[in-house]
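**Student:** Give me coordinates for this.
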Amino acid sequence: MDAFEDRPEDSLIDIVAAVSAIPERELDAETGKLLADALKAAGDADSMTRWHALTQLAQVHEVLGDFAEERTALDQLGALSEELGRPALQFRARIRLARCARNLGDVKAARQAVREAIALSERHNLRISVTDLLRSELLLVSAEAELGDLAEAARLSEKVCGSLPAVSGPLAAEAFWTAATVSTRQGNHVRAAEHLARALPAIDSRDDLMLWIRLRLAAASLSLQATPPQLDAAESYLASAEPALELIGTARHQQEMLFLQAKLAFHQGRLDQAQAFVTAGAEGRSLLLYRDQIRLDVLKGLLAIRAGDPDAFDELKALAAQVQSANMPDLAAEVWRTVAEGAQ
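**Tutor:** Numbering: from 1, shown residues only. Predicted coordinates:
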């Protein structure tokens, strides 16, 4: 009779095993619902099974761009990690929470979480891989840069780049990419280009096609942020990424492509095409990271100004004030510059 009894904890184990085998681009809302329902039903499941299920549920929400639901899952994961009292699990839960909080625009929470994670690893002398430790420091670099401490972000970034076990591979690509981002925020576009020149060849498309795509989207974005914007370079990066994106890109990456195509078209004076890209991506705005959501709203405001909308300028000013109140001075300064340019 035991073979016919419904044992929820076993069902959760089965679902966790099944979901772990699904490629990232095939994760969907149905997968998330399956996991969430199984977690609710598996009240007697052991804590480690629940921990893995919550980790996968958070990943599904991240891939789908539902960062609010991801944070809910990660808050539960963090509480469970504390309950288990295992520093290694606490470390990983905090790192995941830091990344999610940054994506939501809650950068202070992101910095606090990653600092706590690094402190945990040091206090308990955790056996964390060099790769994981360096990635946690890169996450701290991102948070410091968003909060406007570019000097500290640059210092940490250079430290990570100098500590790389190799100058090729995914970690090296991410480190040089982060360094290029910090240099761009500092206005040092020559240095940013040097870092990009090291990031792009660090990974081969045959080894990690998804990261290869993300690097080219990032390179296009940084090229468009240069002064003046490097339009030919941005166009080349987007053109090289587009075919691969159609093969394996997630909905979020497709949304990033639409945003960058809109921004490129705007800088090239193709305002109708820019508006068409913005309209095509309207429903997927929430898939973008907080910073890119704001940049998209700024672009929409500029297009509205060019179209003669009398309210567009005031809406841009309100947007700048909103970002400033979110304690993201670097992004707020970028929006205010755009407002000043739009007033001319």
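**Student:** can you give me the offset of stretch 28-38 from its chain's centre?
**Tutor:** How far stretch 28-38 lies from its chain's middle: 22 Å, per C-alpha atoms, centre = their mean, to the nearest Å.
**Student:** correction: stretch 141-153
**Tutor:** The answer for stretch 141-153 is 16 Å, by C-alpha atoms, centre = their mean.
**Student:** quick one: terminal-to-terminal distance for that stretch?
**Tutor:** End-to-end distance for stretch 141-153, by C-alpha to C-alpha, to the nearest Å: 5 Å.
**Student:** Could you list the low-pLDDT ranges of the chain?
**Tutor:** 1-10, 342-344 (pLDDT under 70).
**Student:** please redo it, this time with the cut-off set to 50
**Tutor:** Counting by pLDDT under 50, the chain has low-confidence residues at 8.
**Student:** what residues does the helix or strand hosting L39 touch?
**Tutor:** Element membership for L39 (DSSP states H and E) is helix 29-41. With contact meaning C-beta atoms under 8 Å, 6 or more residues apart in numbering, helix 29-41 is reached by 8, 11-12, 15-16, 19, 22, 45, 50, 53-54, 56-57, 60-61, 64, 66, 69. To be clear about C-beta, it is placed using only N, CA and C from the backbone, and glycine gets the same treatment.
**Student:** Which ones among these lie within helices?
**Tutor:** Per DSSP state H, helices hold the following members of the contacts of helix 29-41: 8, 11-12, 15-16, 19, 50, 53-54, 56-57, 60-61, 64, 69.
**Student:** And the helices in the stretch 51-200 of the chain?
**Tutor:** Under the criterion DSSP state H, counting those that start in this stretch, the stretch 51-200 of the chain contains helices at 67-84, 87-104, 107-123, 130-146, 150-163, 170-185, 189-199.
**Student:** any chance of those in TSV, with distance to D207 and mean neighbour count too?
**Tutor:** Formatted as TSV, these follow (distance: least, C-beta to C-beta, whole Å; neighbours: other C-beta atoms under 10 Å):
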stretch	distance to D207	mean neighbour count
helix 67-84	27	19
helix 87-104	23	22
helix 107-123	27	19
helix 130-146	15	21
helix 150-163	20	17
helix 170-185	8	23
helix 189-199	14	18
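**Student:** Nearest to Q268, out of the ones you listed?
**Tutor:** Ranking the helices of the stretch 51-200 of the chain by proximity to Q268 (C-beta to C-beta) places helix 189-199 first, at 19.0 Å.
**Student:** Check which helix or strand the nearest residue to M257 once chain neighbours are set aside maps to.
**Tutor:** Closest residue in space to M257, ignoring its immediate chain neighbours: L245 at 5.9 Å, by C-beta to C-beta, 6 or more residues apart in numbering. L245 is part of helix 231-248, with elements assigned from DSSP H and E.
**Student:** List the contacts of that helix.
**Tutor:** Residues outside helix 231-248 that contact it (C-beta under 8 Å, 6+ apart): 25, 205, 209-210, 212-213, 216-217, 219-221, 223-224, 253-254, 257, 260-261, 264, 267-268.
**Student:** ok and it relative to helix 189-199, angle-wise?
**Tutor:** 30 degrees (axes from the mean of the first three to the mean of the last three C-alpha atoms, to 10 degrees).
**Student:** Beyond helix 231-248, next helix or strand please.
**Tutor:** Using DSSP H and E, the helix or strand that directly follows helix 231-248 along the chain is helix 251-267.
**Student:** ok so, going back, can you list the helices of the stretch 51-200 of the chain in JSON lines and add distance to R295?
**Tutor:** Output for these, formatted as JSON lines (distance: least, C-beta to C-beta, whole Å):
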{"stretch": "helix 67-84", "distance to R295": "16"}
{"stretch": "helix 87-104", "distance to R295": "14"}
{"stretch": "helix 107-123", "distance to R295": "16"}
{"stretch": "helix 130-146", "distance to R295": "13"}
{"stretch": "helix 150-163", "distance to R295": "18"}
{"stretch": "helix 170-185", "distance to R295": "13"}
{"stretch": "helix 189-199", "distance to R295": "17"}
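**Student:** Which among these is found nearest to A282?
**Tutor:** Among those, the nearest to A282 by C-beta to C-beta is helix 67-84 (18.3 Å).
**Student:** just checking, what packs against that closest one?
**Tutor:** Helices and strands touching helix 67-84, by 3 or more C-beta pairs under 8 Å, 6 or more residues apart in numbering; DSSP states H and E, are helix 47-64, helix 87-104.
**Student:** Now stretch 302-322: buried residues?
**Tutor:** Of the residues in stretch 302-322, 302-305, 312-313, 316-317, 319-320 count as buried by neighbour count, 16 or more other C-beta atoms under 10 Å.
**Student:** which one of those sits closest to L104?
**Tutor:** Nearest to L104 among the buried residues of stretch 302-322, counting by C-beta to C-beta, is L319 at 17.0 Å.
**Student:** just checking, E158 touches T178?
**Tutor:** No: contact criterion C-beta atoms under 8 Å: E158 and T178 do not qualify, at 10.5 Å.
**Student:** end-to-end on stretch 162-180?
**Tutor:** This stretch, stretch 162-180, spans 14 Å end to end (C-alpha to C-alpha).
**Student:** ignore the last one, stretch 218-234
**Tutor:** Using C-alpha to C-alpha, one end of stretch 218-234 lies 10 Å from the other.
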